[in-house]
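>>> Whatever this is, show me its structure:
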Amino acid sequence: DDQQVANMSLEEMSKANNFHKSFPQYSVTPLTGLPHLAEYLGLKKLYVKDESYRFGLNAFKVLGGSYAIARYMAQQLGKDVSEVPYDVLTSEKLKEDFGQATFFTATDGNHGRGVAWAANKLGQKCVVRMPKGTTQTRLNNIAKENATVTIENLNYDECVRMAAKEAAETEHGIMVQDTAWEGYEEIPTWIMQGYGTLALEADHQLEEDNCRPTHIFIQAGVGSLAGAVVGYFANRFKENPPIMTVVEAKAADCLFRSASKGDGSRVDVTGDMLTIMAGLACGEPNTVSWDILRNHADAFVSCPDWVSANGTRIYSSPMKGDERVISGESGSVTMGLVAAIMTKPELKELKEALKLDENSQVLLVSSEGDTDPDRYREIVWEGLCGTDKEPFADLQEN
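Modelled structure (predicted):
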């Protein structure tokens with residue numbers, strides 16, 4: 001366990017952040033305070049790290065894909081990643097030394113777009129496989145980055161296996177996946193370190209506002225982002241970490257189910273995993289991340305779709321004086337959860353278990369903007385998932 005948490009050290013995260021800073025497209029994404037909403041909900045402070053501004057790609061995922069590609073290229077050249085910033089990776093000399101690789105990945109949208117964008121910027125090739133149910137918009141965004149991309153009649157986890165097999169059969173083919181399994185852990189660890197840029201920035205932004213977070217809510221698909229954020233803050237506040245809650249879509253709550261077993265083992269969720277939270281529809285936990293989360297997350301919550309839809313709507317129609325945040329369905333579930341906990345009498349036990357009250361300073365991450373604009377409008381304008389108030393799965397405390 002300590003090895004995985006050590007991998008998410010401030011030193012490792014800074015290395016990733018320095019790499020990202022070398023990109024001409026780099027800028028720090030906003031940490032938006034929502035003071036009026038905090039007051040309304042009965043919290044001291046409420047902040048959201050808004051990743052819709054990341055590299056112009058509307059989602060955080062590119063942080064991981066770009067860093068993993070750089071780490072791989074550095075490794076092949078026998079260099080440290082600090083020796084291969086953006087201008088080196090895009091140079092003619094590097095093309096001569098490294099040649100051209102084909103980076104394979106599976107995605108429901110944001111991760112594949114990030115990998116395709118990074119490969120394209122760095123003059124590499126990219127192949128992306130997408131699960132059934134993926135929208136044409138998401139496919140088009142990836143195709144724009146010169147990638148070979150298809151929608152398969154498979155679920156996400158099956159697409160991962162397909163892409164891994166193709167990478168293994170391709171000359172200079174490399175799998176860049178944001179989940180880990182036994183025997184495939186180095187690249188996913190690099191990806192999680194890449195996500196650390198977001199945690200590091202948020203930490204500095206909170207510090208500038210004289211805030212030390214008491215609570216962090218972080219969404220999880222396979223758990224890579226959650227592992228990076230929880231790992232970072234577990235290192236940052238070793239003696240007295242914030243209360244950290246991992247939030248999943250009920251249709252794909254593999255971490256929640258794993259935590260519920262209580263013996264440290266992992267539980268896979270199979271089948272179609274139908275949820276509006278496309279980015280969280282992943283049924284097999286990342287092994288690297290699970291090692292961090294099972295030891296350092298305080299609670300796991302499984303959320304029905306209306307929670308995420310509510311979160312998107314709350315962000316979209318802010319309290320007077322607060323800023324609007326455009327948050328897609330995989331970005332907004334934590335907001336929906338916090339709002340529900342603070343306002344619904346039936347969630348009083350959950351509120352008490354998490355020690356949420358008027359002294360709480362809460363950090364959320366909106367991991368994507370309106371990456372699927374049609375779906376976003378269905379939620380905000382047409383009230384998709386508005387009426388069907390399916391109950392929460394019980395809280396699983398660590």
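>>> close enough to count as contact, Pro24 and Tyr86?
Yes. With contact defined as Cβ atoms under 8 Å, Pro24 reaches Tyr86; the gap is 7.0 Å. Every C-beta, even on glycine, is put in place using the N, C-alpha and C of the backbone.
>>> Those two: which is more packed in?
For Pro24 versus Tyr86, neighbours defined as other Cβ atoms under 10 Å are more numerous around Tyr86 (19 against 8).
>>> mind checking how far that one is from Lys21?
In this view, Tyr86 and Lys21 are 9 Å apart by Cβ to Cβ, to the nearest Å.
>>> tell me the strands in the stretch 251-398 of the chain, going along the chain?
Along the stretch 251-398 of the chain, counting by DSSP state E, counting those that start in this stretch, strands occupy 299-303, 361-366, 396-397.
>>> Turn these into a markdown table, columns for mean neighbour count and mean pLDDT.
Shown next, in a markdown table, are those (neighbours: other Cβ atoms under 10 Å; pLDDT from 0 to 100):
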| stretch | mean neighbour count | mean pLDDT |
| --- | --- | --- |
| strand 299-303 | 25 | 96 |
| strand 361-366 | 27 | 98 |
| strand 396-397 | 17 | 72 |
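>>> so which of those strands gets nearest Trp381?
The closest of those to Trp381 is strand 361-366. By Cβ to Cβ, the value is 19.0 Å.
>>> So which residue is dead centre in the chain?
Centroid-nearest residue in the chain: Leu225, 3.9 Å away (criterion: Cα atoms, centre = their mean).
>>> show me the contacts for it.
By Cβ atoms under 8 Å, 6 or more residues apart in numbering, the residues touching Leu225 are Phe60, Met192, Tyr195, Leu198, Ile218, Gln219, Val365, Ser367.
>>> Apply 6 Å and report the result again.
Contact analysis of Leu225 by Cβ atoms under 6 Å, 6 or more residues apart in numbering lists Tyr195.
>>> ok, now Ser9?
Residues near Ser9 by Cβ under 6 Å, 6+ apart: Asn235.
>>> can you check Gln193 too?
Glu12, Ala16.
>>> Helix or strand: which one has it?
Per DSSP states H and E: Gln193 is located in helix 186-208.
>>> What residues sit buried inside that helix?
Within helix 186-208, the residues scored as buried using 16 or more other Cβ atoms under 10 Å are 187-203, 205-206.
>>> Kindly calculate the angle that it makes with strand 361-366.
Computed by axes from the mean of the first three to the mean of the last three Cα atoms, to 10 degrees, the angle separating helix 186-208 from strand 361-366 equals 130 degrees.
>>> got the CA coordinates for the helix or strand following helix 186-208 in CSV?
Downstream of helix 186-208, the next assigned helix or strand under DSSP H and E is strand 215-219. Presented in CSV, the C-alpha positions along strand 215-219 are these (Å, rounded to 0.1, in the frame of the first residue of the first chain):
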residue,chain,number,x,y,z
HIS,A,215,-13.7,17.1,3.1
ILE,A,216,-13.0,16.0,-0.5
PHE,A,217,-15.5,14.2,-2.6
ILE,A,218,-14.1,12.5,-5.7
GLN,A,219,-15.9,10.5,-8.4
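>>> now strand 215-219 against helix 186-208, angle please.
140 degrees.
>>> Spell out the secondary structure type for Thr105.
strand (DSSP: H, G, I helix; E, B strand; the rest coil).
>>> Let me see the contact set for it.
Thr105 makes contact with Gly112, Val115, Val128, Ala163, Val176, Gln177 under the criterion Cβ under 6 Å, 6+ apart.
>>> Check Ala228 too.
Met192, Tyr195, Gly196.
>>> can you redo those residues as TSV with pLDDT?
Listed next are these as TSV, based on pLDDT from 0 to 100:
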residue	pLDDT
Met192	97
Tyr195	97
Gly196	97
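>>> which of those residues lies closest to Thr29?
Proximity of the contacts of Ala228 to Thr29 (Cβ to Cβ) peaks at Tyr195, which lies at 12.4 Å.
>>> Not counting sequence-adjacent ones, nearest residue to Thr134?
Closest residue in space to Thr134, ignoring its immediate chain neighbours: Ile151 at 4.9 Å, by Cβ to Cβ, 6 or more residues apart in numbering.
>>> and that neighbour, what are its bridge partners?
Listed by DSSP bridges, the beta-bridge partners for Ile151 are Met130.
>>> That one and Leu280: what is the separation?
Look at Ile151 and Leu280: by Cβ to Cβ, they are 19 Å apart.
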